[in-house]
Structure formats: C-alpha cells, structure tokens
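A.B. asks: Could you work out the structure for the sequence below:
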Amino acid sequence: MSSSVLYDAPGPKARMRNRIYSVVGTAAIIGLVVFVIMRLADRGHFASEVWNTFNYSNVRTTIRDGIVTTLKVFVLAGVLSLVLGALLAVARASDHRPVRWLATGFIELFRAIPLLITIYALWVLFLTYKGDLGSIGTNNGFWALVIGLAIYNGAVQAEVLRAGFNAVPRGQVEAAYALGLRKSQVMTMLLIPQAIRSMLPTIISQLVVTLKDTSLGYIITYAELLYAGRQLANTTLVNGQYIYVPVIMVVGTIYVAMCMALSALATWVEKRGRRTKTGIVVAAAAEPAEAPGVLDPSEPLGPTSDAAQSTDTLLAEPKTDTARDDGPDHEPPAKGN
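C.D. replies: Okay, the predicted model is just below:
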C-alpha cells in the first residue's frame, strides 16, 4: 500500500465513501447546469432569432473592434510591465539604500492599492489636465488603462524576478565577483538571464492576469471587449428583451479562449525548460604532450630484465676471454726465491 506524506492512504471504506461523494457531487453539478439551461431556454435566450443577431456585420464589427482594442492594451501594458518589473527588481537588489528603499516602497504601495482605484485615479487625472497632456489627454481612457495595468503588474513582475534572483546559487555570484566582474555585469550576464529562464512560466501566467484585467476598462468607458459587449447588449432588443445572456456567453468564450492560449504557452515553455539541458558542458581533456626528459610513469623504475641480461653478458665476456687465454698449455711464471 502506498503511503503519502500529507495523509494516510485511504482504506476500503474510505475509498468507497470517496466514490460515493464524487458521484453525488458530480450529479449535483450536472443537475444544476441542466436546471440553469432549462430556465434560460424557457425565457427564450436560446431562440434562433436571438443568436442570429451575431450574423449581422455591424455586430461582428463591434466585437472585432473590441478584441483588437483589448489586444492593443494587453500588448502595450504587458511590455511596459515587463520593462518596469525588470527595473524595479534591479533597483530592489541595489547596494544603495535610497534606491532600494524607493523601489521597495513603490512595489509595496501599488501592490496594496486595488487596480481599479489606480486606473480610475489615472483617468480622472488625465481628464483634469486633458489640455496639457497632448495625445495622452486625447486618448485618456486608453492611457489610463495601459499605465494602470503596467504599474500594478510591473510591481508583481518585479517580485517574480526578485524570486528568480534569489533562486540563483550563491556560489555562482561569488565566483563571478572572484573573476573581477562588476555588479552591473553580474546582474546582466548572470542573474537576469537565469531569473527570466527559471521564472518564465510564472511571468507568462502573470501576463494572463494582465489580459483578464483589461476588462476593467469598461469602468472608464474605454471601448475594449467587455465594454463593446455591454453596449451591444444594451442596444439590441430581440423578442422584447435585451440579449445580455448571449452576449455574456460569446464575450466570456472569447476571454476564455485568449487566456487558455496564453496558459498553453506557459505550459509549453515550462515543459520545454524541463527538457532542455542546462549547465556548462565540460570539454573532454586532451592527451598530454610528452615533454623531453620526463619519465613515463607507466614504465617501471630501475633496470628491466632485458637491460639486466645485457649487463650480465657484458660482464661475462672478459671472463670468457681470460679463460680462453689461460689454457692448460699456459703456465704461470714461477715465483722467485
């Protein structure tokens, strides 16, 4: 039986009880969905006349323009939030206390303030000084939504990148300083690339939040997708009732599709990061060149058997010659008295 760290493995009775709860819960959810669909059908929200409204060109154009404006706000706010997040993360990791304190205060302030209040305050500010702000004052709704999203999500992205900085092993940073790199070089060459790589799924997930938060533009009457759908539902009357439910279904489906596309991108990036080999590949060591006069450690020290045999032969040769010269016919000289 497999065990779990958080709780004990369920026994036969617990498994049967869990199956019963699952069946009952699923049946309850299905029953609720069927009840809602039947009530909507009784009120005529699924009538063909209602859904034929989306076949008109002006309705499709309104929805298309809403999607385009939503994507424009999302792209610009996403890019600005990433740039601002990188700057704030670097500033918060600075060695200068004033810079670090300012970055920390900015991040904590705008993370605590609700995003809707930030967008609304910027919109009122741009409306107040509309004549002095040029293009920003003219497109006050667009820039209020973009800057508000960039500020809030930039503060969140800064914390994500700071977590990536802290995930880099301390030994790598110390080794970089030991090689003589400056703080800016360590940040740009070591910390930022690894932080982006390790936190990329989280960064993309936060971009999904940015995309969903673009729907707050309807509060300041900016014509993004939700505001376009609201205007469409308020001005279209079919069978004596406004088409709120069909518009909500269509707009909600579009939002879900866009967010699921970004979520799928985050999942793909995470899986790709797991498969990619990381780290520095060390090259194989080459064969060392033999220097002259260096002994080969593979050869035994001292004379070998061949060398010893040659030495014995050389030493034995004079004895052989002496024995040959001193034969039995040769007599040594007699000693004198």
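A.B. asks: If you count neighbours, what's buried in stretch 86-97?
C.D. replies: Using 16 or more other Cβ atoms under 10 Å as the test for burial, stretch 86-97 gives 86, 88, 89, 90, 91, 92, 93. In short, each C-beta sits where N, CA and C put it, glycine included.
A.B. asks: Return the distance of the residue most central in space within the chain relative to residue 242.
C.D. replies: Nearest residue to the geometric centre of the chain (Cα atoms, centre = their mean): residue 200, 1.3 Å. To residue 242, residue 200 is 43 Å away according to Cβ to Cβ, to the nearest Å.
A.B. asks: re earlier: looking at this, the residue nearest to the centre of the chain is in a strand?
C.D. replies: No. Counting by DSSP: H, G, I helix; E, B strand; the rest coil, residue 200 is not found in a strand; it is helix.
A.B. asks: what's the neighbour count on the closest residue to residue 212 other than its chain neighbours?
C.D. replies: Excluding its sequence neighbours, the residue lying closest to residue 212 (Cβ to Cβ, 6 or more residues apart in numbering) is residue 259, at 6.2 Å. If you count neighbours by other Cβ atoms under 10 Å, residue 259 ends up with 15.
A.B. asks: okay but residue 259 is in contact with residue 211, surely?
C.D. replies: Yes. At 6.1 Å, residue 259 counts as touching residue 211 under the criterion of Cβ atoms under 8 Å.
A.B. asks: In contact with residue 224, which residues?
C.D. replies: Counting by Cβ atoms under 8 Å, 6 or more residues apart in numbering, residue 224 touches 66, 69, 70, 73, 145, 214, 215, 217, 218.
A.B. asks: Distance of it relative to residue 209?
C.D. replies: Distance from residue 224 to residue 209, by Cβ to Cβ: 16 Å.
A.B. asks: before we move on, what about residue 47?
C.D. replies: For residue 47, the distance to residue 209 - Cβ to Cβ - is 36 Å.
A.B. asks: so how far is the one helix or strand residue 158 maps to off the chain centroid?
C.D. replies: Using DSSP states H and E, residue 158 maps to helix 140-167. Computed by Cα atoms, centre = their mean, to the nearest Å, the chain-centroid distance of helix 140-167 equals 15 Å.
A.B. asks: helices or strands up against the following helix or strand past it?
C.D. replies: Later in the chain than helix 140-167, the nearest helix or strand by DSSP H and E is helix 170-178. Contacts defined by 3 or more Cβ pairs under 8 Å, 6 or more residues apart in numbering; DSSP states H and E place helix 170-178 against helix 183-186.
A.B. asks: Which elements pack onto the helix it packs on?
C.D. replies: helix 170-178.
A.B. asks: Now do the buried residues in the helix it packs on.
C.D. replies: 173, 176.
A.B. asks: can I get the CA coordinates of it in PDB?
C.D. replies: This file holds the C-alpha atoms of helix 170-178, laid out as PDB (Å, rounded to 0.1, in the frame of the first residue of the first chain):
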ATOM      1  CA  ARG A 170      25.100  32.000  -4.200                       C
ATOM      2  CA  GLY A 171      28.300  30.200  -5.300                       C
ATOM      3  CA  GLN A 172      27.800  31.500  -8.900                       C
ATOM      4  CA  VAL A 173      27.600  35.100  -7.800                       C
ATOM      5  CA  GLU A 174      30.600  34.700  -5.600                       C
ATOM      6  CA  ALA A 175      32.500  33.100  -8.400                       C
ATOM      7  CA  ALA A 176      31.600  36.000 -10.700                       C
ATOM      8  CA  TYR A 177      32.800  38.500  -8.200                       C
ATOM      9  CA  ALA A 178      36.000  36.500  -7.800                       C
END
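A.B. asks: all numbers from here: first residue = 137
C.D. replies: All set: I'll call the first residue 137, so the last point we hit is now helix 306-314.
A.B. asks: could you check the angle helix 276-303 makes with that helix?
C.D. replies: 90 degrees (axes from the mean of the first three to the mean of the last three Cα atoms, to 10 degrees).
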